[in-house]
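Engineer: Based on what follows, work out the 3D shape:
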Amino acid sequence: MGSQETQESYGQGRGAGRRALLGAAVLGAGGALLGLPGTAQADPRQKGPKGGGLAGLPVPTIVGHRGTSGYRPEHTFGSYDLALDMGADIVEAGDLVPTKDGHLVCRHEPEIGGTTDVADHPEFADRKTTKLLDGVSTTGWFTEDFTLAELKTLRAIERIPATRPRNTLYDGRWEIPTFEEVLRWQDEQTRKRGKQVWIYPELKHPTYFREQGLGLEERLAKILRRHGKHKKNSPVIVQSFEPTSIQRMNKLVDNPLVVLLSDAGSRPWDFETTGDRRTVADLVTRKGLKEIASYAQGIGPTLDLVIPKDAKGNLAAPTTLVADAHAAGLILHPYTMRNENTFLPANFRKGTDPAAYGDAFGAFAAYFATGIDGVFTDNADTGLLAREDFLRRR
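Structural biologist: Just a heads-up that it's a prediction; the model follows:
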């Protein structure tokens with residue numbers, strides 16, 4: 001469509017400058033993991049120039065997925081704090097969805113029945129409804145039907161209690177954070193810890209919310225500008241599963257931008273609504289990656305796009321995605337490494353209990369060996385130890 005073409009051509013000029021910033025990260029560190037000649041060995045102690053943005057982060061970068069959701073209810077300050085305590089390089093704080101009165105809050109999904117105690121609040125019983133969320137009939141309570149003041153009366157709970165029953169100990173302890181609160185927390189933690197804290201917010205279902213008059217991109221850009229965190233070296237990476245949302249952000253701010261990619265056969269929802277017949281498989285071709293690089297600096301693929309699984313669920317041979325993305329000037333932060341058997345490739349599971357820990361260290365090593373620039377993980381402590389092992393063995 002016309003506006004999309006305008007944004008893409010605009011991004012080609014701006015994207016090149018921001019990608020140059022990442023050259024040191026990709027060639028100086030990520031390239032070493034690929035075994036490219038003339039590159040230095042990746043070392044988490046190596047940093048880029050002062051104020052060098054992403055190029056100053058350790059490689060492979062450990063991203064605390066929704067904080068430390070392996071140990072605390074996700075998208076809470078308890079989860080975010082623990083991620084920093086463990087040493088995560090970046091905290092995914094948070095998945096951004098709007099309230100009825102236009103505030104951005106941090107929840108995994110707009111439907112909050114599984115991540116808050118809203119079902120225990122009789123005053124909100126009549127808010128339960130069924131909506132079509134990106135084409136999927138979804139029943140529950142939705143953030144866009146609540147004011148911020150109403151959401152602040154709720155408390156977070158563990159999203160997958162059957163797999164992580166110990167996390168239920170913390171049910172009811174923390175509020176739903178707003179993104180404004182996250183930015184203030186980021187500044188406070190940077191001062192407290194004496195080093196820059198990075199965050200990695202995601203725009204959730206932007207087409208869905210735009211259709212309701214709750215456009216996310218403009219709201220996020222306004223907040224980032226208000227806090228002076230809209231620049232190319234700002235410690236805020238913005239991500240979305242919808243490429244056109246990232247194109248829109250590319251026009252509004254100078255932050256590093258990342259396109260998230262689901263399984264190869266899927267189609268981004270914005271493509272569905274605009275009639276774009278391309279799938280993720282098309283986006284991860286050299287042509288598709290080159291296009292992404294015209295308006296973004298990285299991709300966040302599912303781990304299966306980096307190393308697919310065979311019919312038995314074991315890891316097969318890696319794809320060429322890492323090399324192809326690096327050739328296009330993109331970094332890769334795939335998602336999501338978790339310690340439990342149920343989430344691990346079959347050949348790294350231990351025993352038959354799906355909630356028990358498997359050989360997560362072995363799985364981390366296999367993914368690191370492909371040359372990825374970082375990884376999202378629910379278990380930042382495990383990821384950091386795995387990185388230490390991996391770099392030492394090299």
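
Engineer: From now on I want contacts and neighbour counts done on CA atoms only, so please keep to that.
Structural biologist: OK.

Engineer: gap between the residue nearest to residue 168 when sequence neighbours are not counted and residue 75?
Structural biologist: In this structure, residue 168 finds its nearest non-sequential neighbour in residue 158, 5.6 Å apart by CA to CA, 6 or more residues apart in numbering. According to CA to CA, to the nearest Å, residue 158 stands 10 Å off from residue 75.

Engineer: wait, what's in contact with the residue nearest to residue 168?
Structural biologist: Residue 158 makes contacts with 72-74, 114-116, 164, 167-168, 170-171, as judged by CA atoms under 8 Å, 6 or more residues apart in numbering.

Engineer: For residue 332, give me phi and psi.
Structural biologist: Main-chain torsions, residue 332, degrees, to the nearest 10: phi -130, psi 120.

Engineer: so what's it bridging to?
Structural biologist: Per DSSP bridges, the residues bridged to residue 332 are residue 299.

Engineer: Just give the number of residues close to it.
Structural biologist: Here the number of neighbours of residue 332 (other CA atoms under 10 Å) works out to 27.

Engineer: try residue 165
Structural biologist: Residue 165 is flanked by 13 other residues according to other CA under 10 Å.

Engineer: Scan the helices and strands of the protein for the one with the lowest mean pLDDT.
Structural biologist: helix 31-34 (a mean of 31; mean pLDDT, DSSP states H and E).

Engineer: how near is residue 251 to residue 200?
Structural biologist: Residue 251 is 19 Å from residue 200, by CA to CA.

Engineer: same thing with residue 167?
Structural biologist: According to CA to CA, residue 167 stands 23 Å off from residue 200.

Engineer: cool, and residue 211?
Structural biologist: Separation of residue 211 from residue 200 (CA to CA) stands at 25 Å.

Engineer: And for residue 209?
Structural biologist: 20 Å.

Engineer: Looking at those two, which one has more neighbours?
Structural biologist: Ranked by neighbour count (other CA under 10 Å), residue 209 and residue 200 place residue 200 first, with 22 against 17.

Engineer: tell me which element residue 244 is part of?
Structural biologist: Per DSSP states H and E: residue 244 is located in helix 243-252.

Engineer: what's the following helix or strand after that helix?
Structural biologist: strand 257-261.

Engineer: what angle do that next one and helix 243-252 make?
Structural biologist: 180 degrees (axes from the mean of the first three to the mean of the last three CA atoms, to 10 degrees).

Engineer: Just to be sure, residue 322 is in a helix?
Structural biologist: Yes. With DSSP: H, G, I helix; E, B strand; the rest coil as the criterion, residue 322 is part of a helix.

Engineer: who's in contact with it?
Structural biologist: Neighbours of residue 322 in contact, by CA under 8 Å, 6+ apart: 306, 332, 370-372.

Engineer: Could you do residue 75 as well?
Structural biologist: Residue 75 makes contact with 66-67, 69, 93-95, 106-108, 176-177, according to CA under 8 Å, 6+ apart.

Engineer: got it, and residue 241?
Structural biologist: 203-205, 259-262, 268.

Engineer: Residue 223: which element?
Structural biologist: Here residue 223 sits within helix 216-226, counting by DSSP H and E.
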